[in-house]
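>>> how would this look folded up:
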Amino acid sequence: MSKNKKQIIIMSIIAIAFLTLYVVWGLTAKNYRFNLSLRIPKVLGILIAGGTISVASILFQTITNNRIITPSVIGLDSLYSLVQTVVVFVFGSTSIFMVNKTINFLMSGTLMVLLSMILFKVVLKKGENNIFFLLLVGTVVGTLFRSMSSFMQVLIDPNEFDALQTKLYASFSLVNTKIIVVSILILIIIAFVLFRSFNNLDVMSLGREQAINLGVNYDKFSKKILIIVAILVSLSTALVGPITFLGILVVNLTYEITKTYKHSVLLIVGTLISIIALVGGQFLVERVFVFNTTISIIINFIGGIYFINLLLRESKL
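Coordinates of the predicted model:
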């Protein structure tokens, strides 16, 4: 058995153990129905969010040929917050665009995909293989989106601002269960597309010039992958909210553990690590901190420290 297969089996066992522990912890004959009705949607949200965030981050790093940046770093989370704020500012928190979660998901997802494609095109065109320019653009764009969101949030009614806040922070306690079926269908389609693209992705990781020399239609393939990245990011964010640093934390751990370029391994291991991190984080939120904090704070704190460490390591090379 190869090393990577052993890693996948071990990570799968750990993920299943964590999921089982989270689901069955504290269950009794009297409360199991009620608790399972709450925990199963959370588990589904964790599985979907973990898969989408890790896959989107790996794909984005493959296209940009850089292991530090992720879609979150260049402002996609801020873009989601801006979309939600604009909806409340223009239509109100009681409008069908906010009350109906399916419509809200479709609307925000579509806008994020369209605006993300514009952003990707500009960034990749101007900052190809230049991490400092990419980070600068991401910081500027993210700051712009946050500033616009903050300006509109100051102007809206306090009650509507309170309703908006539930959309702006990651929480598995408020999983959008009405879009889980839609999410699963979208993921099945994306999984089928990616399964047929593993070889091209492996070649793309060599860089633009090498990929073109080996016969890959780089520009066309990049656009297809970036559309998938935008869909995955909008899907995970609309489902549980933004988790800024989870992608960079999970992906770099995946590279360090697997030591391989094969995306058939990277995508699976990355998804398993992401699920373990989210389950562990949610378990801490509920059992240790007793809901006094959120999973996004825990993940962003650990991921932020890890991101700074990566930057310092890169500067020494």
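>>> measure Asn292 to Ala277 for me?
20 Å (CB to CB, to the nearest Å). C-beta here means a position set from N, CA and C on the backbone, and glycine is covered the same way.
>>> Distance of Phe151 relative to Thr85?
From Phe151 over to Thr85 (counting by CB to CB), the distance is 9 Å.
>>> Please compare those two by neighbour count and tell me which comes out ahead.
Thr85 (23 against 11; other CB atoms under 10 Å).
>>> Would you confirm that that one contacts Gln165?
No: proximity of Thr85 to Gln165 does not meet the contact threshold set by CB atoms under 8 Å, at 10.5 Å.
>>> so Gly51 sits right up against Ser274, yeah?
Yes: assessed by CB under 8 Å, Gly51 is found in contact with Ser274 at 7.1 Å.
>>> Which of these two has more residues huddled nearby?
Comparing Gly51 with Ser274 by other CB under 10 Å, the one with more neighbours is Ser274, at 31 against 24.
>>> Tell me the confidence at that one?
On pLDDT, Ser274 comes in at 88.
>>> and if you look at Ala56?
Ala56 is given a pLDDT of 88.
>>> In three-state terms, label it for me.
helix (DSSP: H, G, I helix; E, B strand; the rest coil).
>>> heads up, I number from 33, so please use that
Fine by me, first position is 33 from now on; the one you just mentioned is Ala88.
>>> circling back: pick out whichever of Asn324 and Ala309 has more residues nearby.
Ala309 (26 against 7).
>>> May I have the residues that are in contact with Ile80?
Ile80 makes contacts with Ile212, Ser215, Ile216, Leu219, Leu267, Ser268, Leu271, as judged by CB atoms under 8 Å, 6 or more residues apart in numbering.
>>> Now render those residues as JSON lines, adding neighbour count and secondary structure.
Putting the contacts of Ile80 into JSON lines (neighbours: other CB atoms under 10 Å; DSSP: H, G, I helix; E, B strand; the rest coil) gives the following:
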{"residue": "Ile212", "neighbour count": "16", "secondary structure": "helix"}
{"residue": "Ser215", "neighbour count": "23", "secondary structure": "helix"}
{"residue": "Ile216", "neighbour count": "12", "secondary structure": "helix"}
{"residue": "Leu219", "neighbour count": "18", "secondary structure": "helix"}
{"residue": "Leu267", "neighbour count": "26", "secondary structure": "helix"}
{"residue": "Ser268", "neighbour count": "29", "secondary structure": "helix"}
{"residue": "Leu271", "neighbour count": "24", "secondary structure": "helix"}
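>>> Including distance to Asn231 and pLDDT, could those residues go into a markdown table?
As requested, the contacts of Ile80 are exported to a markdown table (distance: CB to CB, whole Å; pLDDT from 0 to 100):
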| residue | distance to Asn231 | pLDDT |
| --- | --- | --- |
| Ile212 | 31 | 79 |
| Ser215 | 27 | 81 |
| Ile216 | 26 | 84 |
| Leu219 | 21 | 87 |
| Leu267 | 25 | 81 |
| Ser268 | 26 | 80 |
| Leu271 | 30 | 75 |
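>>> Mind picking the one among those residues that's closest to Ala88?
Nearest to Ala88 among the contacts of Ile80: Ser268, at 7.4 Å, using CB to CB.
>>> separation between the closest residue in space to Met180 that isn't next to it in sequence and Ile128?
Spatial nearest neighbour of Met180, excluding adjacent residues (CB to CB, 6 or more residues apart in numbering): Leu114 at 5.7 Å. Noted for Leu114: a distance of 20 Å to Ile128, by CB to CB.
>>> Could you check which of these two is surrounded by more residues?
Leu114 (24 against 10).
>>> Provide a list of residues in contact with that one.
Taking CB under 8 Å, 6+ apart, one finds Phe177, Arg178, Met180, Ser181 in contact with Leu114.
>>> Nearest to Ile263 among these?
Taking those together and measuring to Ile263 by CB to CB, the closest member is Phe177, at 19.0 Å.
>>> That closest one: helix or strand, and which one exactly?
Assessed by DSSP states H and E, Phe177 sits inside helix 163-187.
>>> Can I get the contacts of Leu114 in JSON lines including neighbour count?
Below are these laid out as JSON lines (neighbours: other CB atoms under 10 Å):
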{"residue": "Phe177", "neighbour count": "22"}
{"residue": "Arg178", "neighbour count": "17"}
{"residue": "Met180", "neighbour count": "16"}
{"residue": "Ser181", "neighbour count": "22"}
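>>> Make CSV out of those and add distance to Arg65 and pLDDT.
CSV is the format used below for these (distance: CB to CB, whole Å; pLDDT from 0 to 100):
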residue, distance to Arg65, pLDDT
Phe177, 42, 85
Arg178, 42, 85
Met180, 45, 89
Ser181, 40, 88
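>>> which of those lies closest to Gly335?
Arg178 (18.2 Å).
>>> So that closest one sits against Thr117, correct?
No: counting by CB under 8 Å, Arg178 does not reach Thr117; the two are 9.8 Å apart.
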